[in-house]
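Novice: Curious how this folds, go ahead:
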Amino acid sequence: MKNKKIKPKRKWFFNIVKGFMKPFVGKIKIINENDNLEPASIFLCNHVGARGPFKLEFNFPVDFRFWGTYEMCGGYISRFKYLYNTYFIQKKHNKKFFAFLKAFIISPISGMFYKGLQLIPTYPDSRFLKTIKFSGEILNNGQSIVIFPENSSDGYHDVLKECYAGFYTLAKYYYKHYKKNVKIYNMRYEKTNKTLYIEKGITVEELLKLNLKNSEISEYFRNKTNSIYQKQKKSI
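Specialist: Numbering: from 1, shown residues only. The predicted model follows:
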C-alpha cells in the first residue's frame, strides 16, 4: 500500500484524548489490493461491535468521517436509550442489569467521543436525505466516508446476513449532483488476526453499468465481504 497515513482532521483536544487511548487499542495489519486509496471515496466495512470503528479510527490510513446512528449524536437520554435497549440488549445480548450499568457509565463519555469523531448521523426515515446531502458535501471537500452497511439488528455476525444500500444511494447522488465518479472500496476487519482487508475499489460508473437494483448492489457487496471471511477461515 503506497498511501502514507493521513490522520483524520479531528479537533486538537480529541486527538490528545486519542493519544492516551492509542496504546490500549493497538495496531492492526492492513492488506490492500490497491496501489493507492483515492481521497473522497466511500469505504464499506463490517462493524464487529465497537471493535471495528475503534480499530479504523486509530489505524485507517486516510482522512475520513464515519456514518453512525443519529441516537448517538443526540443528548444523554438519547444515547442511554440506544446503548441500553439497542446496543447492549438487542445487539450484544447482555442481561438487563449489566446493560443498564454499562449504558449508565458509557453514556456521558460517549457524547464527547462521538462529537470528537464528527460522526455523520444517519436516520431510518425521510431525514436520511439530509445525511445524503451532507455526505455529498463532505466527499466534495476531499474527505472519505466510512460506512457500516450490515443489518446488525440481532447482533454482529461473522457471516453478514443482510446489508443496506444507503452507500449506493450516496454514490449515485454524488455522481449525479457533483459529476464525480466516486470509488467504493469494500473492506473487512478480521478480529481473529487483527487484519483489515481492503479489496480493489470499484467506481459508481462501473456499478451503474451492471444495471442492478439497490438491493442487488448491497447483496453484491455482502457476498464480497463474506467471501473474504471464508477465504481467511480456510487459511487458518
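Novice: Sketch out the low-pLDDT regions of the protein for me.
Specialist: Counting by pLDDT under 70, the chain contains low-confidence ranges at 1-8, 11-20, 23, 236.
Novice: What ranges does it have for its strands?
Specialist: Applying DSSP state E to the chain gives strands spanning 29-32, 42-44, 64-69, 120-122, 144-147, 183-190, 195-198, 202-203.
Novice: Can you give the strand pairings for the last one, parallel or anti for each?
Specialist: The sheet places strand 202-203 alongside strand 183-190 (antiparallel), with pairing taken from DSSP bridges.
Novice: Please apply the same query to the fifth one.
Specialist: Sheet pairing of strand 144-147 (DSSP bridges) gives strand 42-44 (parallel), strand 64-69 (parallel).
Novice: Please name whichever of these is nearest to residue 139.
Specialist: Smallest distance to residue 139 across the strands paired with strand 144-147 (C-beta to C-beta): 7.7 Å, for strand 42-44. Where you see a C-beta, it was placed from the backbone N, CA and C, and this is true even at glycine.
Novice: contacts for that closest one?
Specialist: The contact list for strand 42-44 (C-beta atoms under 8 Å, 6 or more residues apart in numbering) reads 64, 139, 144-149, 167, 170-171, 182-187, 198, 221, 225.
Novice: rerun at 7 Å
Specialist: 64, 144-147, 149, 167, 170-171, 182, 184-187, 221 (C-beta atoms under 7 Å, 6 or more residues apart in numbering).
Novice: Centre of the chain to the edge, which residue is at the far end?
Specialist: residue 97 (28.8 Å; C-alpha atoms, centre = their mean).
Novice: That one and residue 103, how far apart?
Specialist: Counting by C-beta to C-beta, to the nearest Å, the gap between residue 97 and residue 103 amounts to 11 Å.
Novice: Skipping its backbone neighbours, what lies nearest residue 60 in space?
Specialist: Sequence neighbours aside, residue 146 is the residue nearest to residue 60 in space, at 7.3 Å (criterion: C-beta to C-beta, 6 or more residues apart in numbering).
Novice: and what of residue 224?
Specialist: residue 186 (5.1 Å).
Novice: How much space separates that neighbour from residue 37?
Specialist: Per C-beta to C-beta, residue 186 is found 12 Å from residue 37.
Novice: about what we covered before: possible to save the strands of the chain as CSV with mean neighbour count and distance to residue 22?
Specialist: Listed next are the strands of the chain as CSV, based on neighbours: other C-beta atoms under 10 Å; distance: least, C-beta to C-beta, whole Å:
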stretch, mean neighbour count, distance to residue 22
strand 29-32, 15, 16
strand 42-44, 24, 21
strand 64-69, 20, 17
strand 120-122, 20, 23
strand 144-147, 23, 18
strand 183-190, 22, 17
strand 195-198, 19, 16
strand 202-203, 17, 32
